[in-house]
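> predicted model and sequence below, questions to follow.
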Amino acid sequence: ITPSGHHFQVSELYQTGLTVTDMILAARQKKQIYGIQTFYADPSSPGHIEEFNRNGLSCVAANNDIRRGIDIHYDLIRSGRFKIFKGSSPHSLDEYSTYHYPEPEEIDPNKDSKEQTPVGQDDHAMDSTRYLTIMTSRSHDKLTPKHPEPIRTIVKWIMRCALSIFRRNETSQEARSGSV
């Protein structure tokens, strides 16, 4: 994250079955390489947060306000202030293309549309991106939606952008390897 508010995703750690000790070792490496000062963790894992802190890694529970996090992240993408380094985050790009809200027929008619959240499937990379986005948004940034588009439109736009980036990366890799 730059002083001007640009966010650059340069790496990801995406692996199932990691113990908290494995995560701490990986976090130490990322801290050394990228100079990370604070780690933001899923607030539903207070034991992990405590272990990180016991091991000398500053870690806090992230704000888990899904709508606010999506709104802030959407604004970063739309304004060109969020970039993913090529080849650095394949799982994040995959999740951008599948992150979605329930279809209209799957929505509980008794539930307020403002309470809708994305389908909670294969979304760990999106959660971590949202945690970082919401926790590092500058206090003078507006924290209310800046765009009147309904949330479904926002998510579809994010998915199209991610798919476009993914396709460009594939085309670029094919050109370098000489395949067609």
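The structure has been received and is ready for your questions.

> for stretch 57-70, buried residues please.
57, 59, 61-63, 66, 68-70 (16 or more other Cβ atoms under 10 Å). Placement of C-beta: from N, CA and C, glycine included.

> tell me the mean pLDDT for stretch 126-146?
Average pLDDT, stretch 126-146: 70.

> then stretch 103-117?
66.

> could you say what helices and strands the helix or strand hosting G69 packs with?
Per DSSP states H and E: G69 is located in helix 66-78. In terms of contacts (3 or more Cβ pairs under 8 Å, 6 or more residues apart in numbering; DSSP states H and E), helix 66-78 is packed against helix 124-136, helix 151-177.

> about what we covered before: which of the buried residues of stretch 57-70 sits closest to L25?
For L25, the nearest member of these is L57. The distance, counting by Cβ to Cβ, is 10.4 Å.

> does the closest one count as helix, strand or coil?
Classification of L57 by DSSP: H, G, I helix; E, B strand; the rest coil places it in coil.

> quick check: S92 vs R54, distance?
Taking Cβ to Cβ, to the nearest Å as the measure, S92 falls 29 Å from R54.

> cool, Y74 as well?
36 Å.

> which residues touch the nearest residue to G69 once chain neighbours are set aside?
Excluding the flanking residues, the one nearest G69 by Cβ to Cβ, 6 or more residues apart in numbering is R130, at 3.7 Å. Taking Cβ atoms under 8 Å, 6 or more residues apart in numbering, we find R130 in contact with 66, 69-70, 73.

> now stretch 49-59: buried residues?
Those would be 49, 51-52, 57, 59, for stretch 49-59 by 16+ other Cβ under 10 Å.

> now, among these, which is nearest to Y101?
I49 (28.7 Å).

> pLDDT value on that closest one, please?
pLDDT, I49: 95.

> using CSV, write out every CA atom in whichever strand or helix holds it.
Using DSSP H and E, I49 maps to helix 46-54. The C-alpha coordinates for helix 46-54 follow below in CSV (Å, rounded to 0.1, in the frame of the first residue of the first chain):
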residue,chain,number,x,y,z
PRO,A,46,-8.9,-15.5,18.1
GLY,A,47,-6.6,-18.4,18.9
HIS,A,48,-4.6,-17.8,15.7
ILE,A,49,-4.4,-14.1,16.4
GLU,A,50,-3.1,-14.8,19.9
GLU,A,51,-0.4,-17.2,18.6
PHE,A,52,0.8,-14.7,16.0
ASN,A,53,1.2,-12.1,18.7
ARG,A,54,2.9,-14.5,21.1
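
> good, wrapping up.
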